[in-house]
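*Asks:* just a sequence and a predicted model for now, questions to come.
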Amino acid sequence: KIYNNPTELTKTTYDYIVVGAGAAGAVVAARLSEDKKISVLLVEAGISDQGIVPLTVPFLGPSLSPGTPFDWNFTTTNQAGYLNRTIPYPRGKILGGSTSINFMAYMHGSIGDFDRYASVTGDSGWNWNNMQKYIKKNEKLVPPADHHDTTGELIPSLHSTTGALSVSLSGSPSPLDARVIATTKELSNEFPFNPDGVGGNVLGIGYNFATIGNGTRCSSVTGYLTPAFGRSNLDIVLNAQATKLLVTGKVKGLPSFKSVLVTEKEGAPVRTLTAKNEMVLSAGVFGTAMLLQHSGIGDRDELRAAGVATVVHNPSVGKNMSDHALLANMWSVNNSNSFDAIFRNPNLFNADMNQWATNKTGPMTGTVANNIGWFRLPKTASIFKKTPDPAAGPKSSHYEMIFSNLWVDPIIPAPATGNFMSITTALISPTSRGSIKIMSSNAFAKPLLNPNFMTTDFDIFTMVEAVKAAKRFLAAKAWKGYVLGPAGDLKTANTDDEIATYVRGHAATVWHAAGTAMMSAKNANYGVVDPDLKVKGVDGLRIVDGSILPFVPNAHTQGPIYLIAERGADLIKQDCH
Ligand SMILES: Cc1cc2nc3c(=O)[nH]c(=O)nc-3n(C[C@H](O)[C@H](O)[C@H](O)COP(=O)(O)OP(=O)(O)OC[C@H]3O[C@@H](n4cnc5c(N)ncnc54)[C@H](O)[C@@H]3O)c2cc1C
């Protein structure tokens with residue numbers, strides 16, 4: 001049953017309580033409640049996702065944040081590496097969490113990512129081969145919205161068709177597609193074609209998959225919760241923010257955290273909810289770290305400064321945040337079919353929306369990109385003289401390129417006229433690390449969120465090289481007569497120093513933060529969870545979400561987080577029986 005407010009709950013004790021209904025929490029609640037004997041409560045701070053049309057129209061994804069009612073509306077601290085700018089940092093505050101508002105790109109990461117998770121935690125269960133069974137449970141490859149022949153755009157054997165989440169290639173062709181692929185042939189040394197980047201081999205340029213089925217967004221609600229809505233052993237409570245975990249006793253000398261305080265908003269009535277078996281935190285990379293800190297699990301000096309009594313001193317909580325910095329580079333193009341016109345011309349917008357509403361086809365079924373690519377710096381790059389290679393192995397990437405048939409800058413709005421294309425460049429193997437910490441014991445107060453972007457030589461070097469690579473890409477013959485020239489400040493970013501200043505002045509984030517409650521080996525003297533996702537030094541508490549990833553993967557993060565949630569649910573079930 002779905003409750004709209006914690007005061008409506010008729011029960012306060014469940015076998016499992018899962019806090020946060022995003023990518024991970026929805027999976028955990030849905031998988032645990034497959035066993036009819038287990039009672040589960042899923043607690044979500046945000047509103048219902050039902051009946052909000054823009055949430056379901058793929059092309060409108062970028063309009064869902066920042067600054068909307070579905071967004072937690074975080075803002076970073078002044079970023080020294082970004083010329084002291086602050087940037088908005090969206091996170092979904094709605095059923096489905098960030099999967100209800102994200103841009104839907106779907107992939108799993110590199111083989112090296114998961115093999116590295118296994119080696120740093122000492123748990124082979126996290127390695128690429130052992131995670132394959134969770135891809136089968138997660139991915140359901142379906143035809144693109146336009147039902148075009150996808151031969152040559154993917155390798156069918158690398159995909160699952162049996163999972164919970166609809167995934168497809170784009171059904172909205174763009175004038176860039178053929179040129180991008182032609183460039184992979186023309187400049188095949190530097191920009192090779194990748195026949196399918198989802199199967200763990202990420203390097204090269206391939207087609208972009210997205211969590212879209214029948215031309216419509218597939219979120220963790222559509223994929224996992226909707227089929228579970230009717231289960232009598234699963235309750236979901238919306239508009240319910242968990243503000244603090246309570247110690248309910250001691251087990252083997254460790255404090256047991258099996259109760260949680262939940263309320264609709266500041267000053268509203270508070271309910272105490274209790275898990276008989278385990279409390280599972282899936283509140284996301286910011287929500288989970290903040291909830292731990294509000295509950296007295298964190299760095300004792302930071303907790304004292306915030307006015308919170310320490311229960312478990314763990315300096316790793318809220319630290320080790322790694323993220324993909326993003327830079328939207330735009331060029332003017334000689335093509336009136338760029339998608340820019342859709343947002344300027346209400347008649348065109350309405351026609352596209354009508355087409356979508358009528359038969360779920362057309363531009364509204366697409367995301368911001370049909371092709372993406374992942375690349376390494378050359379082995380001879382000068383930066384490797386002073387920085388060890390931070391990539392997750394020799395087949396993992398340092399940076400990414402995303403090709404879009406419109407102006408996509410999240411910071412600078414599109415000009416009123418002109419046609420554009422974008423190559424968004426993103427840093428995939430960052431060496432900067434950030435943090436999140438609460439500033440007060442009030443769970444509704446804003447935290448200090450410092451991703452610490454671009455604060456190492458490696459990060460700025462790689463971002464500069466990525467911009468230069470994007471320029472080389474567009475110098476191919478395939479773009480002759482199509483690209484008119486760089487737009488905005490890219491025009492004056494030519495020398496390495498000029499490009500570095502341009503990067504620092506314009507970069508933002510791909511919203512892929514990870515690692516604020518990182519997992520580490522069982523006896524490690526750092527980290528927040530063990531490889532079985534149990535919180536170190538406490539009883540009854542697990543974390544299953546993006547915060548446990550020790551390194552941000554070679555992927556847009558929802559795919560890897562769905563996979564860790566599938567495994568997390570399995571680990572919980574194993575302990576239950
Ligand atoms: C704008 C944007 C675009 C993105 N685009 C892509 C993309 O194209 N492809 C991709 O792979 N990834 C993308 N991502 C990232 C991806 O969506 C996230 O990495 C992923 O959803 C994180 O999963 P999670 O379960 O850790 O957290 P979330 O999905 O964020 O879920 C956390 C949930 O917990 C709830 N919550 C938090 N605190 C509390 C609390 N105290 N009490 C109760 N509930 C709480 C939140 O409201 C939310 O529902 C994007 C993210 C954003 C914000």
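*Replies:* Ah, there it is.

*Asks:* shouldn't residue 227 be within a helix?
*Replies:* Yes. Assessed by DSSP: H, G, I helix; E, B strand; the rest coil, residue 227 belongs to a helix.

*Asks:* do you know how far it is from residue 572?
*Replies:* Using Cβ to Cβ, to the nearest Å, residue 227 is found at 19 Å from residue 572. Yep, even glycine has a C-beta here, placed from its N, CA and C like the rest.

*Asks:* okay, those two: which has more neighbours?
*Replies:* Counted by other Cβ atoms under 10 Å, residue 227 and residue 572 do not tie: residue 572 has more neighbours, with 23 against 12.

*Asks:* so the more buried one sits right up against residue 280, yeah?
*Replies:* Yes. The pair residue 572 / residue 280 is scored as a contact, 6.9 Å apart, by Cβ atoms under 8 Å.

*Asks:* overlap of the contact sets of the two?
*Replies:* 16, 28, 542, 544 (Cβ atoms under 8 Å, 6 or more residues apart in numbering).

*Asks:* from these, which land in strands?
*Replies:* By the criterion of DSSP state E, membership of the shared contacts of residue 572 and residue 280 in strands covers 16, 542.

*Asks:* report the entries of the shared contacts of residue 572 and residue 280 that also contact the ligand.
*Replies:* Taking Cβ under 6 Å from any ligand atom as the test, the ligand is in contact with none of these.

*Asks:* out of the shared contacts of residue 572 and residue 280, flag the one nearest to the ligand.
*Replies:* The shortest approach to the ligand among the shared contacts of residue 572 and residue 280 belongs to residue 544, at 8.0 Å (Cβ to the nearest ligand atom).

*Asks:* chain neighbours aside, what residue packs nearest to the closest one?
*Replies:* Excluding the flanking residues, the one nearest residue 544 by Cβ to Cβ, 6 or more residues apart in numbering is residue 568, at 3.5 Å.

*Asks:* which secondary structure element contains the one you found?
*Replies:* Applying DSSP states H and E as the criterion places residue 568 in helix 558-576.

*Asks:* can you select the buried ones among the shared contacts of residue 572 and residue 280 for me in ChimeraX?
*Replies:* Here is the ChimeraX command that picks out the buried ones among these, judged by 16 or more other Cβ atoms under 10 Å:
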select :16,28,542,544
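
*Asks:* got JSON lines for the shared contacts of residue 572 and residue 280, with pLDDT and distance to residue 206 too?
*Replies:* Shown next, in JSON lines, are these (pLDDT from 0 to 100; distance: Cβ to Cβ, whole Å):
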{"residue": "16", "pLDDT": "98", "distance to residue 206": "39"}
{"residue": "28", "pLDDT": "98", "distance to residue 206": "31"}
{"residue": "542", "pLDDT": "98", "distance to residue 206": "35"}
{"residue": "544", "pLDDT": "99", "distance to residue 206": "29"}
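
*Asks:* turn the shared contacts of residue 572 and residue 280 into JSON lines, columns for distance to residue 334.
*Replies:* Output for the shared contacts of residue 572 and residue 280, formatted as JSON lines (distance: Cβ to Cβ, whole Å):
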{"residue": "16", "distance to residue 334": "57"}
{"residue": "28", "distance to residue 334": "50"}
{"residue": "542", "distance to residue 334": "55"}
{"residue": "544", "distance to residue 334": "49"}
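
*Asks:* care to break the protein down by domain?
*Replies:* 2-49+233-321+515-576, 53-220+324-430+453-509 (automatic domain parsing).

*Asks:* please identify the most buried of those.
*Replies:* Counting by mean count of other Cβ atoms under 10 Å, domain 2-49+233-321+515-576 has the highest mean neighbour count of the domains of the chain, with a mean of 22.

*Asks:* end to end, how far does it reach?
*Replies:* Using Cα to Cα, to the nearest Å, one end of domain 2-49+233-321+515-576 lies 25 Å from the other.

*Asks:* picking up where we left off before, chain center to the helix holding residue 568, what's the gap?
*Replies:* The offset between the C-alpha centroid of helix 558-576 and the centroid of the whole chain comes to 16 Å, using Cα atoms, centre = their mean, to the nearest Å.

*Asks:* equivalent analysis for stretch 51-64, please.
*Replies:* With Cα atoms, centre = their mean, you get 17 Å for stretch 51-64.

*Asks:* what does stretch 293-304 give?
*Replies:* Put simply, stretch 293-304 sits 26 Å off its chain's centre (Cα atoms, centre = their mean).

*Asks:* and for stretch 412-428?
*Replies:* 21 Å.

*Asks:* gap between the two ends of it?
*Replies:* End-to-end span of stretch 412-428 (Cα to Cα): 23 Å.

*Asks:* report whether it contacts the ligand.
*Replies:* No. Against the ligand, stretch 412-428 shows no contacts by Cβ under 6 Å from any ligand atom, the least distance being 11.4 Å.

*Asks:* excluding sequence neighbours, find me the nearest residue to residue 97.
*Replies:* Residue 97's closest residue in space is residue 22 (Cβ to Cβ, 6+ apart), at 2.1 Å.

*Asks:* wait, which of the domains of the chain is closest to residue 437?
*Replies:* Set against residue 437 and scored by Cβ to Cβ, the domains of the chain come closest in domain 2-49+233-321+515-576, at 5.0 Å.

*Asks:* how far out from the middle of the chain is that closest one?
*Replies:* How far domain 2-49+233-321+515-576 lies from its chain's middle: 18 Å, per Cα atoms, centre = their mean.

*Asks:* going by secondary structure, the residue in the stretch 251-400 of the chain that the ligand sits nearest to is in what exactly?
*Replies:* Closest residue of the stretch 251-400 of the chain to the ligand, Cβ to the nearest ligand atom: residue 287 (2.6 Å). Element membership of residue 287 [criterion: DSSP H and E] is helix 284-294.

*Asks:* mind listing residues that contact the helix or strand just after that helix?
*Replies:* Proceeding N to C from helix 284-294, the next assigned helix or strand is strand 297-298, under DSSP H and E. Applying Cβ under 8 Å, 6+ apart, the contact partners of strand 297-298 are 245, 257, 292, 308, 310-315, 317-318, 437, 535, 538.
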